[in-house]
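Enquirer: After the sequence you'll find the predicted model.
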Amino acid sequence: MISFIVPAYNEERLLGRTLAAIQSAVRDLSIPSELIVVDDASTDRTAAVAGAAGARVVRGEWRQISRVRNAGARASMGGILIFVDADTVVSTPVVQATISAVASGAVGGGAAVMPDGRLPWWAPALFRAFNFAARRRRWAYGCYVFCTRAAFDTIGGFDEELFASEEIAFSRALARIGGVTILRETVVTSGRKLRTHSWREHAGLLWLMLRYGTGVLRMRDRLSLWYGERRDEA
């Protein structure tokens, strides 16, 4: 069985689309599965949207993505775990390629990623470069990460000292115990951060990385792109 684990914080607007896409892929492939939404301290209708879609809802008050992912994994029963962000749309080919990768011996991996909607002119080229680098380094994007249950248990899940880039640490840990595959198939994720945050804010995060190194990934108060109040799109 495949367990789809969807971390969510105040995602009532986009969550329904994400769950519908997962359910469509499951129907197309006729695979046994479960759908788990981990509601991390939402103050909107995230839990209600998840429940209406038939997902099992796990609630928490962590406000930390690595803990949310781990909570979903602990609540799941599948032999394959697929972590899908609440603003990300998967397709039947992506899920089929994931199953094939595991059947071929991969212990985990991810997929190519492209943002949706109106984007800055430089964004598509940047994501193509990211996708190329991810395949070369075998690093999964956080919005779509998969692994076997055995591999998850062996490495101990996501590092709960991290507030961001936990998927990179997770990918590196997986690579130490087996093969990691970054699929060429693409998932589509929300481009809202690119639309609601200026290039100066993105550059500011890069400056923090240069100043503090990876230590900044343990500082939630420095990571407003992930943990600040979500901005409405114009």
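Expert: Received, thanks.

Enquirer: Work out for me the element the residue lying closest to I168 once chain neighbours are set aside sits within.
Expert: Spatial nearest neighbour of I168, excluding adjacent residues (Cβ to Cβ, 6 or more residues apart in numbering): W139 at 5.2 Å. No exception for glycine: its C-beta is placed from N, CA and C like everyone else's. Here W139 is covered by no helix or strand, with elements defined by DSSP states H and E.

Enquirer: what's the answer for A150, then?
Expert: helix 149-155.

Enquirer: Repeat that for R59.
Expert: Counting by DSSP H and E, the element that carries R59 is strand 56-60.

Enquirer: List the contacts of the residue nearest the centre of the chain.
Expert: Among the residues of the chain, the one closest to the centroid is C143, at 2.5 Å (Cα atoms, centre = their mean). Counting by Cβ atoms under 8 Å, 6 or more residues apart in numbering, C143 makes contact with V84, D85, D87, T88, V113, V187, T189.

Enquirer: out of those residues, which are inside strands?
Expert: Counted as lying in strands by DSSP state E, out of the contacts of C143, are V84, T88, V113, V187, T189.

Enquirer: Closest to D40 out of the contacts of C143?
Expert: Closest approach to D40 among the contacts of C143 (Cβ to Cβ): D85, at 12.1 Å.

Enquirer: contacting residues for that closest one?
Expert: Contacts for D85 (Cβ under 8 Å, 6+ apart) come out as V6, P7, T18, G142, C143, Y144, T189.

Enquirer: Narrow these to those in helices?
Expert: Mapping these onto helices (DSSP state H) picks out T18.

Enquirer: among the contacts of D85, which two are most distant?
Expert: With Cβ to Cβ as the measure, no two of the contacts of D85 lie farther apart than T18 and G142, at 14.0 Å.

Enquirer: So for those two, which sits in the more crowded spot?
Expert: Set T18 next to G142 and count neighbours by other Cβ atoms under 10 Å: T18 wins out with 27 against 24.

Enquirer: And A164, what's its pLDDT?
Expert: pLDDT for A164: 82.
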